[in-house]
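Undergrad: Here's my sequence, what's the structure:
(chains A and B)
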Protein chains: 2
Amino acid sequence: MAKIKENPCTDECPVKRAMDILDGKWTILIIRDLLSGKKRFGELRYSLGEISPKVLTQRLKELEEKGLILKTIYPVLPPKVEYELTEEGQQLRAVIESLAAWGSHLSAR
Amino acid sequence: MAKIKENPCTDECPVKRAMDILDGKWTILIIRDLLSGKKRFGELRYSLGEISPKVLTQRLKELEEKGLILKTIYPVLPPKVEYELTEEGQQLRAVIESLAAWGSHLSAR
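TA: Next comes the predicted model:
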């Protein structure tokens, strides 16, 4: 387990580096959804409920650019597009699991 | 470890519940800073570098309202105010450590 550094929180801090990439609630929730396997845009949108198509498109693009997800466009009609986690994205499983553990505990309050 | 649920991501999802509270980069970084002990406003501001005093004040207030941090005002002159994690906040250590582990890995790319 990486050691949590003492102050200050510079760009060398691994938590800051992680959060520069994961900033925003939707990012974590999109990754959570993809941990169970490939998903189509509509499946993600349905799962995330409150997200607007515009924001989902933007977040998916950012995650693709950051190398956390892979977008596959199948040459069929109607067009079929699937999103999946890269190996880098898969490695967020421990983060999501620790968030899930903490969130489960919250419900017990 | 809590199981990551299959779709959809409802309010019952522990990851969603966690992110409803932890939304935003600064929140996680403030908690990271407080894991090493009590801090004064100026110490947090110095550590977080890019944060504005207004945003820091707001985030600290939100975290206090959510029960993750405790604010202590000492009856001295000049006024002394300290922030520390509650037990609930301390329980985020595993989350921050998993983020640190993932962030450390990023630097190795």
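Undergrad: Touching, residue A:93 and residue A:32? I think so.
TA: No. Taking C-beta atoms under 8 Å as the definition, residue A:93 is not a contact partner of residue A:32, at 9.5 Å. Where you see a C-beta, it was placed from the backbone N, CA and C, and this is true even at glycine.
Undergrad: more neighbours, those two?
TA: Neighbours per residue (other C-beta atoms under 10 Å in any protein chain shown) separate residue A:93 from residue A:32, with residue A:32 holding more: 27 against 16.
Undergrad: Ignoring the adjacent residues along the chain, who's closest to that one?
TA: Spatial nearest neighbour of residue A:32, chain neighbours left out: residue B:15 (4.7 Å); criterion: C-beta to C-beta, 6 or more residues apart in numbering or on different chains.
Undergrad: For burial, what's the neighbour tally of that neighbour?
TA: 28.
Undergrad: Are we agreed that it is in a strand?
TA: No. Assessed with DSSP: H, G, I helix; E, B strand; the rest coil, residue B:15 is helix; it does not lie in a strand.
Undergrad: hang on, it packs against residue A:28?
TA: Yes. In this structure residue B:15 lies within contact range of residue A:28 using C-beta under 8 Å: 6.7 Å.
Undergrad: anything in contact with each of those two?
TA: A:96, A:99 (C-beta atoms under 8 Å, 6 or more residues apart in numbering or on different chains).
Undergrad: Helix or strand: which one has residue A:64?
TA: Secondary structure here is read from DSSP states H and E; on that basis residue A:64 sits in helix A:53-65.
Undergrad: Confirm residue A:72 sits in a strand?
TA: Yes. Following the definition three-state DSSP, residue A:72 is counted among the residues of a strand.
Undergrad: got the contact list for it?
TA: A:81-84.
Undergrad: Helices of chain A, start to end?
TA: Shown for chain A, the helices assigned by DSSP state H span residues A:14-22, A:25-34, A:41-48, A:53-65, A:87-90, A:93-107.
Undergrad: Single out the most deeply packed of these.
TA: Of all the helices of chain A, helix A:25-34 carries the top mean neighbour count, a mean of 23, counting by mean count of other C-beta atoms under 10 Å in any protein chain shown.
Undergrad: counting contacts, what elements does it pack onto?
TA: With contacts defined as 3 or more C-beta pairs under 8 Å, 6 or more residues apart in numbering or on different chains; DSSP states H and E, the packing partners of helix A:25-34 are helix A:14-22, helix A:41-48, helix A:53-65, strand A:69-74, strand A:80-85, helix A:93-107, helix B:14-22.
Undergrad: In JSON lines: these, plus mean pLDDT.
TA: JSON lines is the format used below for the helices and strands packed on helix A:25-34 (pLDDT from 0 to 100):
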{"stretch": "helix A:14-22", "mean pLDDT": "87"}
{"stretch": "helix A:41-48", "mean pLDDT": "92"}
{"stretch": "helix A:53-65", "mean pLDDT": "94"}
{"stretch": "strand A:69-74", "mean pLDDT": "96"}
{"stretch": "strand A:80-85", "mean pLDDT": "96"}
{"stretch": "helix A:93-107", "mean pLDDT": "88"}
{"stretch": "helix B:14-22", "mean pLDDT": "87"}
